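Engineer: Could you look at this predicted model? Sequence included:
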Amino acid sequence: MSAYFAKKAAWAIATLIAASLFIFIALEIVPGDPAQVMLGVNATDEAVAALRQSLGLNKPVAERYLSWIGGMLQGDFGKSYTYSVPVSELVSARITISLPLALIALALSTLIALPVGLYAASRRGSIADTAIMALTQIGIAIPNFWFALLLVYVFSIWLRIFPAGGFPGWSDGFIPAFKALLLPAIALALPQAAILSRVTRSALLETMGEDYIRTARAKGLSKRATLWKHALRNALIPVLTILGLQFAYLLAGTIIIENVFYLPGLGRLVFKAISLRDLIVVESVVMMLVATIILINLIVDLAYLWVDPRLRNREG
Amino acid sequence: MHSFLSRALRNRSFFIGLIITLFIVFIAALSFLWTPYGIDDQQITTVGLQKPSLTYWLGTDNLGRDLFSRVMVGARNSIAVAVVAVAIGIGIGVPLGCWAAARRGFLDELLMRGNDVIFAFPALLSAVIITAIFGPGAINAIIAIGIFNIPVFARLSRGAALSLWTRDFIMAARAAGKSSARITIEHIIPNMANLLIVQATIAFALGIIQEAGLAYVGLGTQPPFPSWGRMLSEAQTMMALAPHLAIVPGLAIVITVLGLNLLGDGLRDVLDPRLSRKRD
Amino acid sequence: MFEIDKLSLSIGNVPILKQVSLSLQPGKILGIVGESGSGKSLTALSAMQLLPEGSTTSGSIKFNGQELLGAEEELMQDLRGDDMAMIFQEPMTALNPVHTIGDQISEGIILHEQIGRDEASQRTIELLHRVGLPPNQYPLSRYPHELSGGQRQRVMIAMACAQSPDLLIADEPTTALDVTLQAQILELLRSLVDEQGMGLILISHDLAVVAEMTDEIVVMRNGEVLDHGSTGAILRGLKHPYTRQLAKASSHIPTRTLPPVLTTNEKAKKATPLLQINNVSKDYPTARKSLFQPGTPFRAVDQVSFDLYPGQSLGLVGESGCGKSTLARMILALDRPSSGTISVNGVALTNANPKQLKKARRNMQVVFQDPFASFNPRHKVDRLIAEPLYLEGELSANEKSQRVINALDEVGMKPDALDKYPHEFSGGQRQRIAIARALITRPALIVADEPVSALDVSIRAQVLDLLCELREKLGLTYLFISHDLGVVRAICDEVFVMEKGKIVEHGTTEQIFDNPQSRAAKRLVDATPDLERAIANRLRSEKKNMGSNK
């Protein structure tokens, strides 16, 4: 068990290092002179030199990379050139919106998808199953930001029961903040739930065809009991895989959805930074999001361990 | 081949999916030759925001441009981006996956770990990085979605190839002295073609959604060239006034993606080797 | 106690079973014999009412006076696992991989007896003891993947016998197992029948197994019962032509006219060996013990040496995992030995240049076990058979097609097969095509890895005949790999017995069969079902019973 975990954790760290190198090279080496890029072509040579000095761009590449990584490990993300404040300040204010939004959406989509998939699988071929499958087929085809626009139109413009956008902040109490995140979370969650419930259903149906299901039935278990006791846990293996992949989509989706609802999250920050060419901010935000995705995948790997005993004592 | 077509057309998902896909492709192709109005023509007589009518089938936008013409050209744009992105994914991912499966060992491990790294970059994040360096443009979207597709196809083809390599007919080919490369071309790839076709359809559908998303946040196709995602972001500020501006391009996306997904599902049913083995 | 009367079954609109009737008394064993597609498994599933969806049945299945056809699902749930139980063929997939064996056995006990977990665990421990898995070695917390195939089948038996059912159905319970394990599992089943007085229906394709085990036999083909009666009477009389055909096929020995070439022959020794295997070993790396500690390598083949002379027919036998297939792969140059050398016609494969390697490959071809997996499903027969011609470089299309037609002719098939895909042929025909593919380079040596184990007995006999005929006609040398001594006896002059990667015994086929010396050889010979021996035993015991009844 510990061997499996140790290996997965080691790979996660290796992936993290590779990803950070990739980001560093893309944003600090490829552009040639980041200071020039950030200031634009009209900048004076003196200004560029000054910025280069303040960003430490004159130091050797390896040293810059190490100090970037080392700084991030200590919570120091560098200083934003355009905002003139530490990036960590910018990020920590905004991550309290983006991360809860992604997590609420993930929870919502799982809570909807698992029961729906289970229900459809247990009534395979029925009208309910056919209807659910048709609905999910459409659900998959709906882009989450368009669905968000429709939700805004129906609930904010037409029914006026939800705010059309903006965020009151967590300091004004949980309810208004949650309410501001609910529509965006639904917009993110439903298309994902459509995919997840299809995966759940087909994984369940696949396991229901396995030999050990017949064994369980031969023991005297009812069809329903077999589904719950024998099929569900086996079916969770592919479901977990999709769940891990979905988190990456959800996080990316969060960044897009924030635009629809004018939520001051990481997405708004990063787009602003792109238009202002603030590479330091872009670099930090992307690194944080990538690290989150890698962490979630590590958690999914651990969940496999719980579901599938075959992984537990296999070394390596 | 003949029996395949007749079997395929009896599959409802495949049939509906094929009709929708052909229709969208037709619309996109037609837009090269003909659109009701020029995409940038501002209809001065009607200035702005016409509701759908016989003259303007889907209405006009706030600048008085015909929406139907713009949706037609948008289809061309979406398809082009998605097709190229899928081609990148297949063109790089499949050889990598096959190579890893044929060589095994360290190289395989390295490649799969490389995949994990790319998996941590959703298309949006790649697009953010590329745009931050080079500025916005449609090419960014293609590259970002293409990069996203590489590990998808690499992983799929590696898995399929690994299981094929254990089969007796591959052993027989090896006993006939054929090299790994030749076996991969003659035996491995043809036997995973079904999987690849189905995955390509799904990746194509996903690519259209991703392209729209990137264009919506300004990382993809740039104005004035029409794209569905771009049209949605322009319509957003006028939601209360003219909801059809936001509904039409969205529906175009949904119908296209739905068609492709149905086609993919249908193909999977028709091509599934497990089902056809039962039929033998 | 259990009676099937005129059972008919169709799935979709395809009729599967036609008017099947049979009956079973408590304490008795009934064998259902038939080749694939005979409907024997579906007969069993009808009794359990676990048929696939879309099945329609007519007739009657009576169990302890109760009609099961069309019975309420709740009644069936009470009966299943309680009064009637079933054991399936494939022990690797019949257990749920994510639950412990303890949970899977006690689940049925809790369900049917409505007792607590602790009590059920106690019962489970007793059951595991009974089936030969003492819980101090095999605790309840084991998962199926931690057990071997034979052990899993014991778990299945424990599960099925937990409630001392009146009726136990075993559907090919040993087909996926080695002969030695088969003997152990059959022995366990027999002792449970005697102990609990249950009725056992044993479904098998193997007439010898059925002859050894059963009191009565039902012979099925194409969904119909062809022959039915007490085991002794059926097998002594062999009145029904199909039963006779089955019996003949299962102990079939092809006729040979040429004298065997033995390694000990003076004549053979003068010739240069076709194949020389010298101190060959193969190690496989195992998982690391930790990040810094590599695992101890697993030695699959351990210092094997032997020579193969032209014209020999040599058998390599052993239980699965003994290393025989690994050795075969190394001989075919599909895998490299960790140490030692393998030479074909005096050329060592390990350091042969590409040209020499091509020549060596041309001289040895292979026939695999599974006729379904050994062809690329997307190529037509002409391309499939021609594949090894790649070794001969550029050939004209004309010559190529002539060679293909000749090869096909050798195995008794017509040229109209060339334009078809492999799935259009039956298993036996496919195996003929596989042999044609092996013959096309006119090799001296054919390595055959279990070439008939996947075939039905009557087809098996035909393919064995073909192999013998080809050997005499073309002067082939055979290296025959099998776990089935019956097959080896039919076709090999000389046998090597392998155990744990080593060759432990070597002798003529007769020597090994009549007087096995090593433990491994003894086990294999004892466990191999032998129809004639079984019939003799059966008749003796029936006579004894009749005597004691008087």
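Structural biologist: The structure has been received and is ready for your questions.
Engineer: count of neighbours near residue C:197?
Structural biologist: Residues lying near residue C:197 (other Cβ atoms under 10 Å in any protein chain shown) number 12. No exception for glycine: its C-beta is placed from N, CA and C like everyone else's.
Engineer: OK, contacts around it?
Structural biologist: Taking Cβ atoms under 8 Å, 6 or more residues apart in numbering or on different chains, we find residue C:197 in contact with C:26, C:27.
Engineer: For it, grab phi and psi.
Structural biologist: Dihedral angles of residue C:197 (phi, psi; degrees, to the nearest 10) stand at phi 70, psi 30.
Engineer: How about residue C:420?
Structural biologist: phi -110, psi 160.
Engineer: isn't it right next to residue C:383, touching?
Structural biologist: No - Residue C:420 lies out of contact with residue C:383 (Cβ atoms under 8 Å); the separation is 11.3 Å.
Engineer: Just say helix, strand or coil for residue B:76.
Structural biologist: Under DSSP: H, G, I helix; E, B strand; the rest coil, residue B:76 falls in the helix class.
Engineer: quick one: it and residue B:226, what's the gap?
Structural biologist: 9 Å (Cβ to Cβ, to the nearest Å).
Engineer: go on, residue C:224?
Structural biologist: According to Cβ to Cβ, residue C:224 stands 70 Å off from residue B:226.
Engineer: Which one's more surrounded, those two?
Structural biologist: Between residue C:224 and residue B:226, residue B:226 has the larger neighbour count (other Cβ under 10 Å), namely 26 against 14.
Engineer: how about the nearest residue to that one, chain neighbours excluded?
Structural biologist: Of all residues beyond its chain neighbours, the one nearest residue B:226 is residue B:70 (4.0 Å), with distances taken as Cβ to Cβ, 6 or more residues apart in numbering or on different chains.
Engineer: Name the helix or strand for the one you found, please.
Structural biologist: helix B:67-103 (DSSP states H and E).
Engineer: do the lowest-mean-pLDDT helix or strand in chain A and chain B meet at all?
Structural biologist: Lowest on mean pLDDT, DSSP states H and E among the helices and strands of chain A sits helix A:34-39, with a mean of 79. Yes - using Cβ under 8 Å from any Cβ of the partner chain, helix A:34-39 reaches chain B at residue A:37.
Engineer: Do you have the helices of the stretch 101-250 of chain B handy? List them.
Structural biologist: B:105-119, B:123-134, B:138-165, B:168-175, B:180-183, B:189-216, B:228-236, B:243-271 (DSSP state H, counting those that start in this stretch).
Engineer: Tell me which of those lies nearest to residue C:307.
Structural biologist: For residue C:307, the closest of those is helix B:168-175, at 21.6 Å, according to Cβ to Cβ.
Engineer: thinking again about what came up before, okay, the helices of the stretch 101-250 of chain B in a markdown table with distance to residue A:181 next?
Structural biologist: Below are the helices of the stretch 101-250 of chain B laid out as a markdown table (distance: least, Cβ to Cβ, whole Å):
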| stretch | distance to residue A:181 |
| --- | --- |
| helix B:105-119 | 27 |
| helix B:123-134 | 20 |
| helix B:138-165 | 27 |
| helix B:168-175 | 53 |
| helix B:180-183 | 53 |
| helix B:189-216 | 20 |
| helix B:228-236 | 19 |
| helix B:243-271 | 22 |
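Engineer: Neighbours of whatever residue of the stretch 401-550 of chain C ends up closest to chain B, how many?
Structural biologist: Distance from chain B to each residue of the stretch 401-550 of chain C (Cβ to the nearest Cβ) is smallest for residue C:423, at 4.5 Å. Number of residues near residue C:423 (other Cβ under 10 Å) recorded here: 13.
Engineer: do the same with residue A:60
Structural biologist: When neighbours are counted by other Cβ under 10 Å, residue A:60 comes out with 8.
Engineer: what separates it from residue C:250, distance-wise?
Structural biologist: Here residue A:60 is placed at a distance of 80 Å from residue C:250 (Cβ to Cβ).
Engineer: Contacts only, for the residue nearest the centre of chain B.
Structural biologist: The centre of chain B sits closest to residue B:204, judged by Cα atoms, centre = their mean, with a distance of 1.6 Å. Listed by Cβ under 8 Å, 6+ apart, the contact set of residue B:204 reads B:82, B:83, B:86, B:260.
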